[in-house]
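Structure, please.
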Amino acid sequence: MQLDRREFLNLAAAGAAAGFLASIPLAHASAKQKIKAIAFDAFPIFDPRSVFALAEQLFPGSGAELSNAWRTRQFEYQWLRALSGHYADFWQVTEDALVFSCEMLKLDLTPDKRKLLMGKYLELRAWPDVPPALQSLKSNGIRLAFLSNATSKILDAGIKNSGLEGVFEHVLSTDKIKTYKPDPRAYQMAIDAFNLKREEILFVPFAGWDAAGAKSFGYTTFWVNRLNLPVERLGAVPDLVGKSLTDLADFVRTSS
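Just a heads-up that it's a prediction; the model follows:
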């Protein structure tokens, strides 16, 4: 099942990312000799499309609309809870968003369907390009970590499902500090874990808002733009943009 803009974020944006890699040569020059570690969001690594495919299977003809509403509300609940000081973890806000979306769309979310949809988050697997790219990065001496809003349970399950045990030096969930990216405290977690300078860490997001948040925090940012989306209008743009982890690995290899 193919995802479009609204299926994953449904957030307003404008601008164009086409040709972005070629348009920012200064980012290459500044990053070449500094990158010692990379912190990844979950979804440049794990493919979420199985979740949305199951939504269509369980609610034929309504899967895309449910996916749109679910993903949008999922992010809104994260940010609103963080802002209001009423934290709930990624699993809880994801389930709450699912229940709300089904109620809004008047879909019969039975206990079994609810369990199946939520359970998909524990069955995520890596995108096909991920294992060889990670091996390439490690062979270049790059230290690797997750830095995600997802819970440790989701991240650990994805690592096991994908055969990536031992690849990541740190598996950092913002649940540990009870907030969500783009809170600066969330991005600080990678600096503290690696014990490196900010400029020595490359951040790799899936979403444009995360790219903007990490860049505003001060990370060199390589946006893996798998959905070919425009750059968010949030006052900060990623240093580099690619379509896959292969592009990231090629950048690191040629820059080392």
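
And for the helix or strand containing Y187, what's in contact with it?
For Y187, the host element (DSSP states H and E) is helix 184-194. For helix 184-194, contacts defined as CB atoms under 8 Å, 6 or more residues apart in numbering pick out 36-37, 39, 143, 145, 147, 149, 169-170, 172, 174, 176-177, 179-181, 197-198, 200-201, 203, 213-214, 217, 219. Any C-beta I mention is one placed from the backbone N, CA and C, and that applies to glycine too.

May I see the PyMOL selection of the buried members of those?
Those of these that count as buried under 16 or more other CB atoms under 10 Å are selected in PyMOL with:
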select buried, resi 37+39+143+145+147+149+170+172+174+179+180+181+200+201+203+213+214+217+219
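
Next step: the contacts of helix 184-194 restricted to helices.
Applying DSSP state H to these, the entries found in helices are 213-214, 217.

Put the alpha carbons of the helix holding Y187 into PDB.
Below are the C-alpha coordinates for helix 184-194, written out as PDB (Å, rounded to 0.1, in the frame of the first residue of the first chain):
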ATOM      1  CA  PRO A 184      15.100  20.200  22.600                       C
ATOM      2  CA  ARG A 185      15.400  17.800  25.600                       C
ATOM      3  CA  ALA A 186      14.600  14.900  23.400                       C
ATOM      4  CA  TYR A 187      17.400  15.800  20.900                       C
ATOM      5  CA  GLN A 188      19.800  16.300  23.700                       C
ATOM      6  CA  MET A 189      19.500  12.600  24.600                       C
ATOM      7  CA  ALA A 190      21.900  11.600  21.700                       C
ATOM      8  CA  ILE A 191      24.600  14.000  22.800                       C
ATOM      9  CA  ASP A 192      24.400  12.600  26.400                       C
ATOM     10  CA  ALA A 193      24.400   9.000  25.200                       C
ATOM     11  CA  PHE A 194      27.300   9.300  22.700                       C
END
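
and that helix, how far from the chain's centre?
Offset of helix 184-194 from its chain centre (CA atoms, centre = their mean, to the nearest Å): 16 Å.

Burial check on L144, number of neighbours?
Neighbour count of L144, defined by other CB atoms under 10 Å: 19.

I figured it was touching F168, is that so?
Yes. L144 is within contact range of F168, at 5.0 Å (criterion: CB atoms under 8 Å).

what pLDDT, on average, does the helix or strand that contains W209 get?
Assigned by DSSP H and E, W209 belongs to helix 208-217. Mean per-residue pLDDT for helix 208-217: 97.

Pairing partners for the following helix or strand past that helix, with directions?
Next helix or strand after helix 208-217 toward the C-terminus (DSSP H and E): strand 220-224. Here strand 220-224 has these sheet partners by DSSP bridges: strand 201-204 (parallel), strand 240-242 (parallel).

got the contact list for the longest one?
With CB under 8 Å, 6+ apart as the test, strand 201-204 has contacts from 31, 35-41, 44, 147, 187, 190-191, 194, 214, 219-224, 248.

again, 6 Å this time
35, 37-40, 44, 190, 214, 219-222, 224 (CB atoms under 6 Å, 6 or more residues apart in numbering).

The closest residue to Q74 other than its chain neighbours: what's it in contact with?
Distances taken as CB to CB, 6 or more residues apart in numbering place A97 nearest to Q74, at 4.1 Å, with adjacent residues excluded. By CB under 6 Å, 6+ apart, the contact list for A97 reads 70, 73-74, 77.

do L66 as well
Counted by CB under 6 Å, 6+ apart, L66 has contacts 55, 59, 101.

can you count the residues close to D108?
8.

A helix includes it, no?
No. Counting by DSSP: H, G, I helix; E, B strand; the rest coil, D108 is not part of a helix but coil.

and it, what are its phi and psi?
Reported as degrees, to the nearest 10, the phi and psi values for D108 are phi -80, psi 90.

separation between it and A145?
For D108, the distance to A145 equals 41 Å [CB to CB, to the nearest Å].

again with K153
Taking CB to CB, one finds K153 at 17 Å from A145.

of all the contacts of A97, which two lie farthest apart?
By the measure CB to CB, W70 and Y77 form the most distant pair in the contacts of A97, at 10.5 Å.
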